[in-house]
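*Asks:* 3D, please:
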Amino acid sequence: MKEKLVVITGPTAVGKTEISIEIAKRLNGEIISADSMQIYKYMDIGTAKVRKDEMQGIKHHLVDFLEPDDEFTVANYKKKATNIITEINNIDKLPIVSGGTGLYINSLVYELDFIDIAPDEELREKYEDIARNEGKAYLLELLRKVDPITAAKYSENDVQRIVRALEVYYKSGISMSEQTKNFRKPNEKYEPLMYCLYLDREELYNRINLRVDLMIDHGFLHEVVELLNKGYSTDLTSMKAIGYRELIKYILGEWSLDEAINKIKQFSRNYAKRQLTWFRRDDRIHWIDVGSFENKIDLADYIERDIRKKY
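*Replies:* Numbers count the residues shown, from 1 in each chain. Next up is the predicted model:
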């Protein structure tokens with residue numbers, strides 16, 4: 001018998017967290033985060049991490065459990081989340097995956113072939129030196145020579161991902177694109193119900209801009225300063241997340257605060273657009289226009305009815 005799995009996704013600022021909690025309350029569920037930044041401790045405001053008082057007694061998994069300098073791959077996520085989903089099913093509760101990191105979600109609902117290749121610090125240092133000394137474009141060209149399919153997915157600014165793809169190739173002899181060739185083969189372990197929340201573009205962008213302003217008002221800059229004071233390097237993957245990297249540029253005197261805030265808004269809007277493009281690839285997803293409902297209760301009613309019909 002296949003395991004139950006509900007996925008509630010969508011672009012940043014669309015309201016996934018609130019709706020997921022409401023559905024979990026109604027259907028005896030627990031929430032597994034699918035957010036690649038909310039996994040880190042001390043990074044609360046800039047990641048819009050759910051607070052304890054917002055959880056309303058609903059158990060949340062894979063939130064706030066890693067140090068910002070800890071290594072954590074999609075393969076790690078898949079292993080942890082898969083075990084949690086099974087445990088939740090085994091106690092007759094409903095697992096609800098909620099978040100907007102498309103690769104995390106795909107690692108569960110598709111048969112992604114992750115070859116467990118341990119990080120090689122010597123190789124990483126070699127390629128990071130190349131990026132610094134020869135340039136990011138040159139590093140991307142190195143990947144293009146051995147794995148053009150993966151290289152086409154990245155921009156030259158995706159240094160960490162390019163380094164990982166080169167590392168995978170030179171340690172295994174198999175390109176990352178070969179390893180993920182079953183990218184569209186559904187995972188038969190689950191009977192997934194997948195919902196993507198969306199909004200009219202102008203409304204979504206207004207929400208994103210407002211949320212960034214509220215983050216600043218609530219102490220986002222102080223949060224970034226505290227991370228730097230704790231000794232976390234600006235080169236960490238976690239510190240290159242949208243919002244953190246821009247405020248670091250302000251702290252270092254490279255940008256004014258207004259410039260940094262405007263860039264956070266711009267890059268967040270761009271990210272939302274990429275998220276929607278990503279989720280459109282999966283024809284199993286049920287698209288829900290948040291703006292077509294009078295309020296969040298009506299939206300939750302709609303999703304609840306659909307889940308009860310199918311489960």
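*Asks:* check contacts around the spatially closest residue to Ile39 that is not a sequence neighbour.
*Replies:* Closest residue to Ile39 apart from its sequence neighbours, by C-beta to C-beta, 6 or more residues apart in numbering: Leu66 at 5.0 Å. The way it works is simple: take the backbone N, C-alpha and C, and place the C-beta from them, glycine included. Leu66 makes contacts with Ile39, Tyr40, Lys41, Phe72, as judged by C-beta atoms under 8 Å, 6 or more residues apart in numbering.
*Asks:* Mind doing that once more with 6 Å?
*Replies:* Ile39, Tyr40, Phe72 (C-beta atoms under 6 Å, 6 or more residues apart in numbering).
*Asks:* Can you pull the phi and psi angles for it?
*Replies:* Backbone torsions for Leu66, taken as degrees, to the nearest 10, come to phi -120, psi 150.
*Asks:* Quick check: it vs Asn76, distance?
*Replies:* Separation of Leu66 from Asn76 (C-beta to C-beta, to the nearest Å): 10 Å.
*Asks:* between the two, what contacts are shared?
*Replies:* Counting by C-beta under 6 Å, 6+ apart, nothing touches both Leu66 and Asn76.
*Asks:* and the residue nearest to Ile39, bridged to which residues?
*Replies:* Tyr40 (DSSP bridges).
*Asks:* distance of it from Ala75?
*Replies:* For Leu66 relative to Ala75 (C-beta to C-beta), the value is 15 Å.
*Asks:* One more: Asn187?
*Replies:* For Asn187, the distance to Ala75 - C-beta to C-beta - is 14 Å.
*Asks:* Comparing these two, which residue is more hemmed in?
*Replies:* Asn187 (19 against 15; other C-beta atoms under 10 Å).
*Asks:* Surely Tyr169 is in contact with Glu178?
*Replies:* No - assessed by C-beta atoms under 6 Å, Tyr169 is found out of contact with Glu178, at 9.2 Å.
*Asks:* helices or strands next to the helix or strand bottoming out on mean pLDDT in the chain in the packing?
*Replies:* One helix or strand of the chain scores below all others by mean pLDDT, DSSP states H and E: helix 176-179, with a mean of 80. With contacts defined as 3 or more C-beta pairs under 6 Å, 6 or more residues apart in numbering; DSSP states H and E, helix 176-179 has these neighbours: helix 148-151.
*Asks:* For the helix it packs on, buried residues please.
*Replies:* Thr150, Ala151 (16 or more other C-beta atoms under 10 Å).
*Asks:* average model confidence for that helix?
*Replies:* Taken as a whole, helix 148-151 carries a mean pLDDT of 92.
*Asks:* Show me what it packs onto, helices and strands only.
*Replies:* Short answer (3+ C-beta pairs under 6 Å, 6+ apart): helix 148-151 packs on helix 176-179.
*Asks:* how does it look with 10 Å?
*Replies:* helix 136-146, helix 159-172, helix 176-179 (3 or more C-beta pairs under 10 Å, 6 or more residues apart in numbering; DSSP states H and E).
*Asks:* List the residues that contact Lys153.
*Replies:* Applying C-beta atoms under 10 Å, 6 or more residues apart in numbering, we find Lys153 in contact with Asp147, Arg161, Ala165, Met176, Ser177.
*Asks:* one more time with 7 Å, if that's ok
*Replies:* Not one residue lies near Lys153 by C-beta atoms under 7 Å, 6 or more residues apart in numbering.
*Asks:* Equivalent analysis for Val63, please.
*Replies:* Per C-beta under 7 Å, 6+ apart, neighbours of Val63: Ser33, Gln38, Ile39, Lys49, Val50.
*Asks:* With Asn90 instead?
*Replies:* Asn90 neighbours (C-beta under 7 Å, 6+ apart): none.
*Asks:* circling back to that earlier point, between Tyr169 and Glu178, which has more neighbouring residues?
*Replies:* Tyr169 (22 against 16).
*Asks:* how much space is there between that one and Asp129?
*Replies:* Distance from Tyr169 to Asp129, by C-beta to C-beta: 18 Å.
*Asks:* now Ala152
*Replies:* 24 Å.
*Asks:* which helices and strands sit right next to the host helix or strand of Leu193?
*Replies:* Using DSSP states H and E, Leu193 maps to strand 190-198. If you count contacts as 3 or more C-beta pairs under 7 Å, 6 or more residues apart in numbering; DSSP states H and E, strand 190-198 packs onto strand 3-9, strand 286-289, helix 296-310.
*Asks:* could you redo the last one with a cut-off of 8 Å?
*Replies:* Packing contacts for strand 190-198, counted by 3 or more C-beta pairs under 8 Å, 6 or more residues apart in numbering; DSSP states H and E, involve strand 3-9, helix 102-109, helix 257-279, strand 286-289, helix 296-310.
*Asks:* Provide the secondary structure category for Glu156.
*Replies:* coil (DSSP: H, G, I helix; E, B strand; the rest coil).
*Asks:* Before I go, just wanted to say thanks for your time.
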